[in-house]
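>>> quick check, what structure comes out for this input:
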Amino acid sequence: MTGATKFPPNFLWGAATAAYQIEGSPLADGAGPSIWQGFSHTPGLMLNGDTGDIATDHYNRWQEDIGLMAELGLKAYRFSTSWSRILPQGKGAINQKGIDFYSRLVDGLLEKGIEPLLTLYHWDLPEALDHIGGWLNRDISDYFGDYANVLFKALDGRVKKWVTLNEPWVVTDGGYLFGALAPGHKNRYETPIASHNLMRAHGQAVKNYREIGKHEIGLVVNIEPKYPASDSKEDIAATKRAAAYMNHQYLDPVFKGKYPDEMAEIFEDAWPKPWPKEDFELTSQKVDFIGINYYTRSVTAYEPNNWHLKAKGVRVPHKTYTETGWEVFEDGLYDTLKWFKDNYGDTPLYITENGSAFFDPPKPVNGKIHDPLRVDYLQRHLKAIHRAISDGIDIRGYMTWSLLDNLEWSLGYSKRFGIIHVDYETCNRTIKTSGRYYSKIIETNGEALDLKEPFIDTIK
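This next block holds a predicted model:
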């Protein structure tokens, strides 16, 4: 097969998951509860009353899942560790059985030639720490650094790529401002404090890694490029505020040692000032890479009734939207990658999440799950990444979201993102057409992207 869409020789093809979304057994083997344990068991907070008690039962089926990764030909697997499995109280006593679980997982991946990318925090704060302030407590940066040290000492060398935080914007916007995610707060005065302490915790973990680790560590952010709905000055100003809030807020402290100026305008009297100068010495620790999570764009218009941004997203007619209401817009991924390079330089990038929720039946039909819209989404976005690489942007890998259908946080099991289908009654797994297609892309290092659509019907 010879095609124009060839990726670099060492491009890292993988898939991503998160602990609470897939593991199940959240209190097994000495683990402590996380904030998602409490949130999901609070009536009225989760769609259909769903919880992560079983999820996809990865905690018990991890060997089967590694086998499926190997069948797909994955070169990498991005996963997160549960802080409260390692430190049931968030600090203090270590739960060796928690470390042993992730140690077995890492060894299993390496035996199949799959590189582990380990995320230290994917939203599941130990409940015990939340009881003493959680991300509102300045001491949490030290607690997080201590937690990171435990895993660095246990796994560095076998794990060579580490992520501190996943999507700090979602943690604070959903968890502290609007209450849709754990811990379910709705307080604009808390939100900047939580964001700042997340960034301090990130910096502390990076600083600690430089003393203990010998490989790579970075940060993962979710970026949603903002495009003005019109040329009006109001829409343009609204777009700039929205971009500062979502896209610059967690990168500027790393690369520029400050927050974007718009943050004070957005939060008004809830914005603390001045921030301690030494905090930015911590947040701006040098990272080895940045992970970009990209799903969609936002076409942004002025909205005076939106108190903090005075902006709103506008639905674009005649476009494809996913089950989560996100427009399929692959050019936004290219624009995001170029935007990063133009604003922050040549730090290596990984696409650490990219995927789509479309309707899949609850059970396979004739043993198969055909998902042509997800196949199309994959193809479009991978071509956009290839275009960015061709234009000189340093992108070193791609992790599709997600390996498995899973708990979509407060939306429960209503949205399926996986390239592997999960029957939630039995936890049986079935590789979808999109998974087979992705496998062919990996096998050909991208050249399968040049094949025409009828090729999909031939995938076995």
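
>>> what helix or strand does residue 421 sit in?
Per DSSP states H and E, residue 421 falls inside strand 420-422.

>>> which residues touch that strand?
When contacts are defined by CB atoms under 8 Å, 6 or more residues apart in numbering, strand 420-422 is touched by residues 56, 68, 360, 364, 369, 403-406, 428-432, 435. For every residue, glycine as well, the C-beta is placed using N, CA and C.

>>> again, only using 10 Å
Strand 420-422 has contacts (CB atoms under 10 Å, 6 or more residues apart in numbering) with 15, 22, 55-58, 61, 65, 68-69, 71-72, 360-364, 368-369, 371, 402-406, 413, 416, 428-432, 434-435.

>>> where in this structure is pLDDT low?
Applying pLDDT under 70 to the chain flags the ranges 1-3, 452-460.

>>> could you pull out the strands in it for me?
Applying DSSP state E to the chain gives strands spanning 12-16, 76-80, 115-121, 161-166, 216-222, 226-228, 289-293, 298-302, 311-313, 349-353, 395-401, 420-422, 429-431.

>>> residue 43 is nearest to which of the ones you listed?
Distance to residue 43, taken as CB to CB, is lowest for strand 420-422 among the strands of the chain, at 25.1 Å.

>>> now that closest one, how far from the chain's geometric center?
Distance, stretch centre to chain centre, for strand 420-422: 19 Å (CA atoms, centre = their mean, to the nearest Å).

>>> ditto for stretch 216-233
15 Å.

>>> can you give me the end-to-end span of that stretch?
Chord length of stretch 216-233, first to last residue, is 43 Å (CA to CA, to the nearest Å).

>>> spatially nearest residue to residue 326 (excluding sequence neighbours)?
Excluding the flanking residues, the one nearest residue 326 by CB to CB, 6 or more residues apart in numbering is residue 296, at 3.6 Å.

>>> what's the spacing between that neighbour and residue 218?
Distance, residue 296 to residue 218, by CB to CB, to the nearest Å: 23 Å.

>>> the two: which has the busier surroundings?
Counted by other CB atoms under 10 Å, residue 296 and residue 218 do not tie: residue 218 has more neighbours, with 24 against 19.

>>> show me the contacts for the nearest residue to that one once chain neighbours are set aside.
Leaving aside its chain neighbours, residue 218 sits nearest to residue 289 (3.9 Å; criterion: CB to CB, 6+ apart). Applying CB under 10 Å, 6+ apart, we find residue 289 in contact with 117, 161-163, 216-220, 347-350, 352, 394, 396-397.

>>> what's the answer for residue 413, then?
Counting by CB under 10 Å, 6+ apart, residue 413 has contacts 46-48, 50-51, 55-56, 362, 405-407, 422, 424.

>>> now a PyMOL select for only the buried ones of those.
Buried residues among these (16 or more other CB atoms under 10 Å), as a PyMOL selection:
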select buried, resi 46+50+51+55+56+405+406+407+422+424
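
>>> I'd like the contacts of residue 413 as JSON lines, with distance to residue 140 appended.
Listed next are those as JSON lines, based on distance: CB to CB, whole Å:
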{"residue": "46", "distance to residue 140": "25"}
{"residue": "47", "distance to residue 140": "29"}
{"residue": "48", "distance to residue 140": "32"}
{"residue": "50", "distance to residue 140": "28"}
{"residue": "51", "distance to residue 140": "25"}
{"residue": "55", "distance to residue 140": "26"}
{"residue": "56", "distance to residue 140": "29"}
{"residue": "362", "distance to residue 140": "40"}
{"residue": "405", "distance to residue 140": "32"}
{"residue": "406", "distance to residue 140": "27"}
{"residue": "407", "distance to residue 140": "25"}
{"residue": "422", "distance to residue 140": "33"}
{"residue": "424", "distance to residue 140": "34"}
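
>>> which one of the contacts of residue 413 is nearest to residue 317?
Nearest to residue 317 among those, counting by CB to CB, is residue 47 at 27.8 Å.

>>> for the closest one, give its distance to residue 413.
Between residue 47 and residue 413 the computed distance is 8 Å (CB to CB).
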